[in-house]
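*Asks:* no sequence on this one, just coordinates:
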């Protein structure tokens with residue numbers, strides 16, 4: 001069936017200015033890290049992309065090695081883009097990244113100009129695009145000079161293969177240097193994508209959020225639900241089909257301690273008091289900070305996507321609610 005987007009798709013979504021740029025991003029953006037590869041059901045991926053766009057989500061975030069197998073999320077996205085979103089490319093922000101393992105040998109990983117230029121060329125072919133809106137360096141490379149890596153990002157913009165560039169997983173000192181180099185090259189950093197959630201707060205503790213605000217760079221947290229910990233999934237223990245049980249990805253069974261379970265249940269009680277699910281409260285908690293441009297959500301089904309979108313219905317927290325959340329997060333669990 002031919003897809004016709006919801007004509008009211010822009011009526012309810014909040015759009016936030018990305019640093020000091022001309023770009024505004026939806027409060028929630030959709031990441032294609034999981035559930036969009038060749039091992040997944042294509043029609044499920046198609047429906048999630050349709051539902052996201054119908055709800056005003058204009059930003060779809062990929063990387064070269066998303067799948068599995070590597071590259072397959074971009075291939076599937078490209079095919080859906082061609083069939084379902086033909087004529088709507090100019091309404092979309094499409095991003096990709098390079099910086100992690102992608103192909104064998106010394107030129108398929110990290111941060112060399114050789115790798116970044118080749119990787120984006122491959123990504124554009126997989127997606128059937130002339131350019132991406134944002135191209136990120138996915139992680140710092142301790143052995144390649146930062147000038148080379150940032151020079152590659154600048155080159156790709158000048159070649160017309162990316163409109164903007166971003167950083168991911170850079171801690172403050174490296175981020176500050178990269179932002180400075182890019183500004184001097186004439187290709188300012190648009191956005192930074194760090195891991196950030198109620199359970200992972202280094203962006204606050206190390207001062208990254210303050211740095212991004214000072215430099216006029218946007219912030220789009222990934223893993224806002226801590227790989228599913230900040231959902232109802234683990235309230236009764238570790239489900240058989242969860243990432244922790246399968247030991248796939250970054251969440252391991254040993255990460256879910258008895259103390260962590262106490263915190264999860266206490267947070268869930270606070271969420272219920274707000275009329276939200278734990279996941280909805282966790283997303284809203286990130287969006288309470290104006291320095292956060294957008295929150296990058298994942299989804300395994302249209303129903304899960306719809307549940308995450310409901311977080312936008314209540315993004316306000318009272319001082320008492322914030323204090324209670326901090327008490328749960330900072331006090332020794334069960335203490």
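*Replies:* The structure has been received and is ready for your questions. Only a predicted model underlies this, so the values are computations on that prediction, with no experimental measurement involved.
*Asks:* so where do the helices sit in the stretch 101-250 of the chain?
*Replies:* 113-127, 146-158, 172-185, 202-205, 208-215, 243-246 (DSSP state H, counting those that start in this stretch).
*Asks:* Could you export those as a markdown table, including distance to residue 24, mean neighbour count and mean pLDDT?
*Replies:* No exception for glycine: its C-beta is placed from N, CA and C like everyone else's. Below are the helices of the stretch 101-250 of the chain laid out as a markdown table (distance: least, CB to CB, whole Å; neighbours: other CB atoms under 10 Å; pLDDT from 0 to 100):
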| stretch | distance to residue 24 | mean neighbour count | mean pLDDT |
| --- | --- | --- | --- |
| helix 113-127 | 23 | 20 | 98 |
| helix 146-158 | 20 | 19 | 99 |
| helix 172-185 | 20 | 17 | 98 |
| helix 202-205 | 21 | 15 | 98 |
| helix 208-215 | 16 | 18 | 98 |
| helix 243-246 | 32 | 17 | 53 |
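*Asks:* mind listing the strands for this structure?
*Replies:* Secondary structure of the chain (DSSP state E): strands located at 15-17, 24-26, 28-31, 59-61, 93-98, 132-137, 162-168, 189-193, 218-219, 295-297.
*Asks:* Make JSON lines out of the ones you listed and add mean neighbour count and mean pLDDT.
*Replies:* Shown next, in JSON lines, are the strands of the chain (neighbours: other CB atoms under 10 Å; pLDDT from 0 to 100):
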{"stretch": "strand 15-17", "mean neighbour count": "16", "mean pLDDT": "98"}
{"stretch": "strand 24-26", "mean neighbour count": "21", "mean pLDDT": "99"}
{"stretch": "strand 28-31", "mean neighbour count": "24", "mean pLDDT": "99"}
{"stretch": "strand 59-61", "mean neighbour count": "25", "mean pLDDT": "99"}
{"stretch": "strand 93-98", "mean neighbour count": "26", "mean pLDDT": "99"}
{"stretch": "strand 132-137", "mean neighbour count": "25", "mean pLDDT": "99"}
{"stretch": "strand 162-168", "mean neighbour count": "24", "mean pLDDT": "99"}
{"stretch": "strand 189-193", "mean neighbour count": "27", "mean pLDDT": "98"}
{"stretch": "strand 218-219", "mean neighbour count": "26", "mean pLDDT": "98"}
{"stretch": "strand 295-297", "mean neighbour count": "25", "mean pLDDT": "98"}
